[in-house]
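*Asks:* based on what follows, work out the 3D shape:
(2 chains)
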Protein chains: 2
Amino acid sequence: MKVFPYLDVESEVAEEGAKGVTVRWLITKDIGAKNFAMRYFEIDVDGYTPLHSHPWEHEVFILEGEGEVMGGGESKQIMPGDVVFIPPNEMHQFKNTGKKKLKFLCLIPYLDAQK
Amino acid sequence: MKVFPYLDVESEVAEEGAKGVTVRWLITKDIGAKNFAMRYFEIDVDGYTPLHSHPWEHEVFILEGEGEVMGGGESKQIMPGDVVFIPPNEMHQFKNTGKKKLKFLCLIPYLDAQK
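*Replies:* Numbering: from 1, shown residues only, chains lettered A, B, ... in the order given. Model (predicted):
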(Lines give C-alpha, C1' and ligand atoms only; values in the text may rest on other atoms or scores of the structure.)
Protein backbone atom coordinates (compact mmCIF):
# COMPACT_ATOMS: atom_id res chain seq x y z
CA MET A 1 0.00 0.00 0.00
CA LYS A 2 0.89 3.67 -0.24
CA VAL A 3 0.03 6.20 2.49
CA PHE A 4 0.99 9.87 2.20
CA PRO A 5 -0.37 13.35 2.99
CA TYR A 6 -1.96 15.06 0.00
CA LEU A 7 0.42 17.97 0.49
CA ASP A 8 3.32 15.69 -0.49
CA VAL A 9 2.05 15.73 -4.06
CA GLU A 10 3.16 18.65 -6.19
CA SER A 11 0.54 21.22 -7.13
CA GLU A 12 0.31 22.01 -10.85
CA VAL A 13 -1.40 24.94 -12.53
CA ALA A 14 -4.44 23.63 -14.40
CA GLU A 15 -5.12 23.65 -18.08
CA GLU A 16 -5.88 26.51 -20.43
CA GLY A 17 -9.29 28.08 -20.04
CA ALA A 18 -9.05 27.90 -16.26
CA LYS A 19 -8.46 30.80 -13.87
CA GLY A 20 -6.75 30.33 -10.50
CA VAL A 21 -6.94 26.53 -10.55
CA THR A 22 -4.31 24.10 -9.30
CA VAL A 23 -4.41 20.33 -9.22
CA ARG A 24 -2.53 17.60 -7.37
CA TRP A 25 -2.67 14.17 -9.00
CA LEU A 26 -2.85 12.12 -5.79
CA ILE A 27 -3.40 8.57 -7.09
CA THR A 28 -2.42 7.66 -10.65
CA LYS A 29 -1.14 4.85 -12.83
CA ASP A 30 2.34 5.70 -11.55
CA ILE A 31 1.53 4.11 -8.20
CA GLY A 32 -0.45 1.24 -9.69
CA ALA A 33 -3.98 2.61 -10.06
CA LYS A 34 -5.12 1.09 -13.33
CA ASN A 35 -8.82 2.00 -13.29
CA PHE A 36 -9.23 5.58 -12.07
CA ALA A 37 -7.27 8.58 -10.80
CA MET A 38 -7.79 10.76 -7.70
CA ARG A 39 -7.06 14.46 -8.08
CA TYR A 40 -7.23 17.32 -5.52
CA PHE A 41 -8.34 20.68 -6.94
CA GLU A 42 -8.05 24.16 -5.45
CA ILE A 43 -9.78 27.14 -7.02
CA ASP A 44 -8.92 30.66 -5.91
CA VAL A 45 -11.59 33.21 -5.06
CA ASP A 46 -13.25 34.23 -8.37
CA GLY A 47 -11.49 31.40 -10.18
CA TYR A 48 -13.07 28.74 -12.39
CA THR A 49 -12.37 25.62 -14.38
CA PRO A 50 -12.95 25.68 -18.15
CA LEU A 51 -16.49 25.26 -19.44
CA HIS A 52 -15.91 22.08 -21.42
CA SER A 53 -16.92 18.49 -21.98
CA HIS A 54 -15.06 15.23 -22.53
CA PRO A 55 -15.87 11.53 -22.88
CA TRP A 56 -15.20 10.69 -19.22
CA GLU A 57 -17.23 11.30 -16.08
CA HIS A 58 -16.30 13.21 -12.91
CA GLU A 59 -16.90 11.97 -9.38
CA VAL A 60 -16.46 14.93 -7.04
CA PHE A 61 -16.54 15.50 -3.27
CA ILE A 62 -16.41 19.08 -1.97
CA LEU A 63 -13.96 19.54 0.91
CA GLU A 64 -13.78 23.28 1.64
CA GLY A 65 -15.17 26.57 0.41
CA GLU A 66 -18.23 27.45 -1.59
CA GLY A 67 -18.99 27.65 -5.26
CA GLU A 68 -21.17 26.82 -8.15
CA VAL A 69 -21.19 23.95 -10.57
CA MET A 70 -22.74 24.17 -14.00
CA GLY A 71 -23.66 21.01 -15.83
CA GLY A 72 -26.18 19.99 -18.43
CA GLY A 73 -27.53 23.53 -18.65
CA GLU A 74 -28.28 24.01 -14.95
CA SER A 75 -26.33 25.61 -12.13
CA LYS A 76 -26.17 24.52 -8.49
CA GLN A 77 -24.51 25.83 -5.35
CA ILE A 78 -21.85 23.59 -3.77
CA MET A 79 -20.50 23.46 -0.25
CA PRO A 80 -18.43 21.05 1.89
CA GLY A 81 -19.93 17.57 2.01
CA ASP A 82 -21.61 17.92 -1.36
CA VAL A 83 -21.25 15.17 -3.93
CA VAL A 84 -21.22 15.92 -7.67
CA PHE A 85 -21.52 13.46 -10.53
CA ILE A 86 -20.91 14.81 -14.05
CA PRO A 87 -21.70 12.18 -16.69
CA PRO A 88 -19.54 11.72 -19.78
CA ASN A 89 -19.87 14.33 -22.54
CA GLU A 90 -21.81 16.84 -20.43
CA MET A 91 -20.68 20.49 -20.59
CA HIS A 92 -19.61 21.55 -17.09
CA GLN A 93 -17.73 24.14 -15.09
CA PHE A 94 -16.77 24.72 -11.44
CA LYS A 95 -16.58 28.27 -10.05
CA ASN A 96 -15.48 29.65 -6.72
CA THR A 97 -18.17 32.10 -5.61
CA GLY A 98 -17.09 32.19 -1.97
CA LYS A 99 -14.58 34.15 0.09
CA LYS A 100 -11.91 31.46 0.49
CA LYS A 101 -10.41 28.72 -1.62
CA LEU A 102 -12.75 26.09 -3.03
CA LYS A 103 -11.21 22.65 -2.54
CA PHE A 104 -12.51 19.34 -3.84
CA LEU A 105 -11.55 15.86 -4.91
CA CYS A 106 -12.29 15.01 -8.54
CA LEU A 107 -11.83 11.46 -9.76
CA ILE A 108 -11.77 10.31 -13.35
CA PRO A 109 -11.58 6.88 -15.00
CA TYR A 110 -8.71 5.64 -17.06
CA LEU A 111 -10.65 4.81 -20.16
CA ASP A 112 -9.53 1.77 -22.13
CA ALA A 113 -7.66 3.86 -24.65
CA GLN A 114 -5.65 5.47 -21.85
CA LYS A 115 -4.71 2.32 -19.92
CA MET B 1 -25.37 16.14 -13.46
CA LYS B 2 -26.28 15.17 -9.93
CA VAL B 3 -25.50 17.34 -6.90
CA PHE B 4 -26.48 16.34 -3.37
CA PRO B 5 -25.18 16.44 0.21
CA TYR B 6 -23.54 13.19 1.31
CA LEU B 7 -25.98 13.07 4.23
CA ASP B 8 -28.84 12.54 1.78
CA VAL B 9 -27.53 9.03 1.14
CA GLU B 10 -28.63 6.35 3.56
CA SER B 11 -26.02 4.95 5.92
CA GLU B 12 -25.76 1.14 5.96
CA VAL B 13 -24.06 -1.06 8.53
CA ALA B 14 -20.99 -2.59 6.93
CA GLU B 15 -20.28 -6.22 6.22
CA GLU B 16 -19.51 -9.08 8.56
CA GLY B 17 -16.11 -8.96 10.22
CA ALA B 18 -16.40 -5.21 10.79
CA LYS B 19 -17.03 -3.45 14.09
CA GLY B 20 -18.79 -0.08 14.28
CA VAL B 21 -18.56 0.63 10.56
CA THR B 22 -21.18 2.31 8.38
CA VAL B 23 -21.03 3.14 4.70
CA ARG B 24 -22.92 5.46 2.36
CA TRP B 25 -22.73 4.54 -1.34
CA LEU B 26 -22.57 8.09 -2.70
CA ILE B 27 -21.96 7.51 -6.40
CA THR B 28 -22.88 4.21 -8.02
CA LYS B 29 -24.10 2.61 -11.22
CA ASP B 30 -27.61 3.65 -10.17
CA ILE B 31 -26.85 7.26 -11.07
CA GLY B 32 -24.81 6.39 -14.15
CA ALA B 33 -21.29 5.79 -12.84
CA LYS B 34 -20.09 2.90 -14.96
CA ASN B 35 -16.42 2.79 -14.01
CA PHE B 36 -16.04 3.28 -10.25
CA ALA B 37 -18.04 3.92 -7.09
CA MET B 38 -17.59 6.53 -4.34
CA ARG B 39 -18.38 5.41 -0.78
CA TYR B 40 -18.25 7.37 2.51
CA PHE B 41 -17.15 5.33 5.54
CA GLU B 42 -17.49 6.10 9.22
CA ILE B 43 -15.77 4.00 11.87
CA ASP B 44 -16.68 4.38 15.53
CA VAL B 45 -14.04 4.74 18.23
CA ASP B 46 -12.34 1.31 18.60
CA GLY B 47 -14.06 0.07 15.45
CA TYR B 48 -12.44 -1.54 12.43
CA THR B 49 -13.08 -2.89 8.96
CA PRO B 50 -12.45 -6.59 8.29
CA LEU B 51 -8.90 -7.75 7.69
CA HIS B 52 -9.40 -9.06 4.17
CA SER B 53 -8.36 -8.89 0.55
CA HIS B 54 -10.18 -8.82 -2.79
CA PRO B 55 -9.33 -8.43 -6.48
CA TRP B 56 -10.05 -4.67 -6.59
CA GLU B 57 -8.06 -1.69 -5.35
CA HIS B 58 -9.04 1.02 -2.85
CA GLU B 59 -8.48 4.73 -3.36
CA VAL B 60 -8.97 6.45 0.00
CA PHE B 61 -8.96 10.03 1.28
CA ILE B 62 -9.13 10.60 5.05
CA LEU B 63 -11.63 13.32 6.04
CA GLU B 64 -11.84 13.29 9.83
CA GLY B 65 -10.47 11.45 12.84
CA GLU B 66 -7.39 9.34 13.35
CA GLY B 67 -6.60 5.72 12.81
CA GLU B 68 -4.34 3.08 11.49
CA VAL B 69 -4.29 1.27 8.19
CA MET B 70 -2.67 -2.11 7.76
CA GLY B 71 -1.72 -3.27 4.29
CA GLY B 72 0.85 -5.61 2.82
CA GLY B 73 2.15 -6.50 6.27
CA GLU B 74 2.86 -2.97 7.44
CA SER B 75 0.87 -0.55 9.57
CA LYS B 76 0.66 3.24 9.21
CA GLN B 77 -1.05 6.05 11.09
CA ILE B 78 -3.69 8.01 9.18
CA MET B 79 -5.11 11.48 9.73
CA PRO B 80 -7.17 14.02 7.76
CA GLY B 81 -5.62 14.84 4.40
CA ASP B 82 -3.91 11.48 4.09
CA VAL B 83 -4.22 9.49 0.89
CA VAL B 84 -4.20 5.68 0.89
CA PHE B 85 -3.86 3.36 -2.08
CA ILE B 86 -4.44 -0.35 -1.46
CA PRO B 87 -3.57 -2.42 -4.55
CA PRO B 88 -5.71 -5.37 -5.63
CA ASN B 89 -5.37 -8.59 -3.61
CA GLU B 90 -3.47 -7.00 -0.71
CA MET B 91 -4.63 -7.88 2.80
CA HIS B 92 -5.75 -4.67 4.52
CA GLN B 93 -7.69 -3.24 7.45
CA PHE B 94 -8.72 0.21 8.71
CA LYS B 95 -8.93 0.88 12.47
CA ASN B 96 -10.10 3.87 14.46
CA THR B 97 -7.44 4.49 17.11
CA GLY B 98 -8.57 8.03 17.90
CA LYS B 99 -11.13 9.63 20.19
CA LYS B 100 -13.78 10.53 17.61
CA LYS B 101 -15.22 8.98 14.47
CA LEU B 102 -12.84 8.16 11.67
CA LYS B 103 -14.35 9.29 8.36
CA PHE B 104 -13.01 8.67 4.89
CA LEU B 105 -13.92 8.30 1.25
CA CYS B 106 -13.12 4.91 -0.27
CA LEU B 107 -13.52 4.42 -4.01
CA ILE B 108 -13.53 1.12 -5.85
CA PRO B 109 -13.66 0.17 -9.53
CA TYR B 110 -16.50 -1.64 -11.17
CA LEU B 111 -14.50 -4.50 -12.58
CA ASP B 112 -15.56 -5.85 -15.97
CA ALA B 113 -17.42 -8.73 -14.39
CA GLN B 114 -19.46 -6.29 -12.29
CA LYS B 115 -20.41 -3.82 -15.02
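
*Asks:* tell me the pLDDT at residue A:111?
*Replies:* For residue A:111, the pLDDT comes out at 87.

*Asks:* same question, residue A:82
*Replies:* 98.

*Asks:* is the residue lying closest to it once chain neighbours are set aside in a bridge, and if so with what?
*Replies:* Among residues not flanking residue A:82 along the chain, residue A:62 sits closest, at 4.4 Å (CB to CB, 6 or more residues apart in numbering or on different chains). Where you see a C-beta, it was placed from the backbone N, CA and C, and this is true even at glycine. Residue A:62 forms beta bridges with residue A:104, as assigned by DSSP bridges.

*Asks:* count of residues packed around residue A:62?
*Replies:* For residue A:62, the number of neighbouring residues by other CB atoms under 10 Å in any protein chain shown comes to 24.

*Asks:* contacting residues around it?
*Replies:* If you count contacts by CB atoms under 8 Å, 6 or more residues apart in numbering or on different chains, residue A:62 has them with A:78-84, A:102-104.

*Asks:* out of these, which sit inside strands?
*Replies:* A:78, A:82-84, A:102-104 (DSSP state E).

*Asks:* dump the residues you listed to a markdown table, plus neighbour count.
*Replies:* What follows is those, written out as a markdown table (neighbours: other CB atoms under 10 Å in any protein chain shown):
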| residue | neighbour count |
| --- | --- |
| A:78 | 24 |
| A:82 | 22 |
| A:83 | 24 |
| A:84 | 22 |
| A:102 | 28 |
| A:103 | 17 |
| A:104 | 23 |
